[in-house]
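**Student:** sequence and predicted structure are below.
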Amino acid sequence: MKVLLKGEEKTYTSFVYPNGLFKFTNVPVGTYIMKIEDIDHFFESVAVEIISHEDKEYIRAFEYDMKNGKGKKVKHPIVFKPTAPKQYYEIKEPFNILSFFQNPMMIMMVVSIGLVFLMNKMPKPNKEEMAEMNKNMGSLPSFLTGGGS
C-alpha cells in the first residue's frame, strides 16, 4: 500500500509498514490531500493542514470530498478504512433472447422476411393495364425514358 500526500507544488510518498503505520518527513507548512493507493480496495481521501504557530507545527485533518472540499474534523491518529473493493472484471450478463433483435443484422433479416411476405399479399397486375402503360411509355420524351439522342 502506498500513501500519497499531494500538495500544490510537490507530492510526498510513503509506504505502509507491516504494523499499519506510515510516516512523512520534512513536509513544509501547507494544505495537502492524503490518499491511499491500494490494489484491492478504495479509500477515502483526507485533507491535511500543517500549521505553524509560535515555532510549533500542528497537524489538522479533515474528511475530504471532491465536490465540497473539507468536511468534519478527523481525530488523530488518522485511521483509513476501505470503502469498497476494487472490481477489475466485468460481470457477464445472463443470456437474453431479446438481445438477438438488438443486432442490426437480425433487424435487417426480419424486415427482409417481412417484405417477402408482404409482396405475396399485393394485388396482381392486370394485363390490360400493363399493355396500356407500355403504350403510354412510348409517347414520353426520350430524355425521360433514358433513350439516346
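**Tutor:** Looks like it came in fine. Residues are numbered from 1 along each chain as shown.
**Student:** in the chain, what helix or strand scores lowest on average pLDDT?
**Tutor:** helix 142-145 (a mean of 59; mean pLDDT, DSSP states H and E).
**Student:** for this protein, give me the ranges with low pLDDT.
**Tutor:** Residues of the chain meeting the criterion pLDDT under 70: 138-149.
**Student:** show me where it has its helices.
**Tutor:** In the chain, helices defined by DSSP state H lie at 104-121, 127-138, 142-145, listed in chain order.
**Student:** now those helices as TSV including distance to residue 95 and mean neighbour count?
**Tutor:** Where C-beta positions appear, they are placed from N, C-alpha and C, glycine not excepted. As requested, those are exported to TSV (distance: least, C-beta to C-beta, whole Å; neighbours: other C-beta atoms under 10 Å):
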stretch	distance to residue 95	mean neighbour count
helix 104-121	15	9
helix 127-138	52	9
helix 142-145	56	9
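**Student:** let me have those in JSON lines, extended by distance to residue 97.
**Tutor:** As requested, those are exported to JSON lines (distance: least, C-beta to C-beta, whole Å):
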{"stretch": "helix 104-121", "distance to residue 97": "11"}
{"stretch": "helix 127-138", "distance to residue 97": "45"}
{"stretch": "helix 142-145", "distance to residue 97": "51"}
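**Student:** among these, which comes closest to residue 39?
**Tutor:** Residue 39 lies closest, by C-beta to C-beta, to one member of the helices of the chain: helix 104-121, at 39.8 Å.
**Student:** I'm done for today, thanks for sticking with me.
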